[in-house]
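*Asks:* Any chance you could fold what I've pasted below:
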Amino acid sequence: MKNTLARSYLFVPGDRPERFDKACAAGAHAVIIDLEDAVPPAGKQAARAAVAAWVSPDHPVLVRVNGAGSEWFADDLALCDLPGVAGIVLPKAENPQDIAQLVAAGAKRVLPLIETAQGVWNAHALATAPGVQRLMFGSIDFQLDAGIDGDVDELLYVRSQLVLVSRVAGIQPPVDGVTTALDDPEQLRKDTQRARRLGFGGKLCIHPKQVERVNRHFLPSEEDVAWARRVLQAAGDAQGAAVALDGKMVDLPVIRKAEEIVSEVERR
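*Replies:* Numbers count the residues shown, from 1 in each chain. Here you go, the predicted model:
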């Protein structure tokens, strides 16, 4: 898993160890081996053993453990301090004490997955818990829990809350939920760019074919980059004097935004 801000997180089922290497080669900034939703109850123990046998510092991954209230959570804790487990994704996150258990078991970082109304209500407490790197949004499960039908305007308040809480807590921007349409690149583009506009810093992926597009759509557009370079050129030419571009004043926040855009493109 890369040290820079991860944009794409690719899930791979924990009971399909033959896919682990392929997932790591798919171009995602981080891979999440899933022991929760992707693995039926009868396969939990075998999946945990498969992960323990495969993980290595040569291919660090995140692991989504089973929920803290499940019968499998206690055994999943044994994975937390294994070399190669770069962090733990905690599903149905609601209680900072559950995060503390993961950290005590050796988790290097925790990414709480907000999937319930209670999780949103406690989002600030989760975001400020020791060991938390960033929040993730399980939009589909949240809709079910809250009785909400719709993923755009209907979840705008919740998404904005997670962005705001993350900023106040001083952690990385949150990660948006999955796009379930596997063969609709236009829908994936809309979902990813909306997440970026709202202040999210990454997105969950459920298929390798989504990864490249998510990475690309989180980058500034060519138009944005061209605008940013013009702003910086105008600011440089002004040598500290007032700057105007296209009939608009360019003040310090605008210049800093332009600097961020150019810096992001140059880092890729």
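
*Asks:* Strands of the stretch 1-150 of the chain, start to end?
*Replies:* For the stretch 1-150 of the chain, applying DSSP state E, counting those that start in this stretch gives strands covering 8-13, 30-34, 61-64, 85-90, 110-114, 136-137.

*Asks:* helices and strands around the second one, which ones?
*Replies:* Using 3 or more CB pairs under 8 Å, 6 or more residues apart in numbering; DSSP states H and E as the contact test, the elements touching strand 30-34 are strand 8-13, helix 20-24, strand 61-64. Glycine gets a C-beta too; all of them are placed from N, C-alpha and C.

*Asks:* Would you tell me which of these gets closest to Ala195?
*Replies:* For Ala195, the closest of the helices and strands packed on strand 30-34 is strand 8-13, at 11.5 Å, according to CB to CB.

*Asks:* Quickly run through the sheet partners of the closest one, with directions.
*Replies:* Looking at strand 8-13 with DSSP bridges, its partner strands are strand 30-34 (parallel), strand 202-205 (parallel).

*Asks:* List the buried residues of it.
*Replies:* 8-13 (16 or more other CB atoms under 10 Å).

*Asks:* tell me which of those is nearest to Arg197?
*Replies:* Using CB to CB, the buried residues of strand 8-13 come closest to Arg197 at Ser8, 17.3 Å.

*Asks:* Burial check on Ala49, number of neighbours?
*Replies:* 12 (other CB atoms under 10 Å).

*Asks:* quick one, what contacts it?
*Replies:* Applying CB atoms under 8 Å, 6 or more residues apart in numbering to Ala49 gives no contacts.

*Asks:* returning to that earlier point: okay, the helices and strands packed on strand 30-34 in a markdown table with distance to Gln45 and mean pLDDT next?
*Replies:* Formatted as a markdown table, those follow (distance: least, CB to CB, whole Å; pLDDT from 0 to 100):
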| stretch | distance to Gln45 | mean pLDDT |
| --- | --- | --- |
| strand 8-13 | 15 | 98 |
| helix 20-24 | 17 | 97 |
| strand 61-64 | 15 | 98 |
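
*Asks:* got the ones you listed as JSON lines, with distance to Arg216 columns?
*Replies:* Formatted as JSON lines, the helices and strands packed on strand 30-34 follow (distance: least, CB to CB, whole Å):
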{"stretch": "strand 8-13", "distance to Arg216": "10"}
{"stretch": "helix 20-24", "distance to Arg216": "19"}
{"stretch": "strand 61-64", "distance to Arg216": "22"}
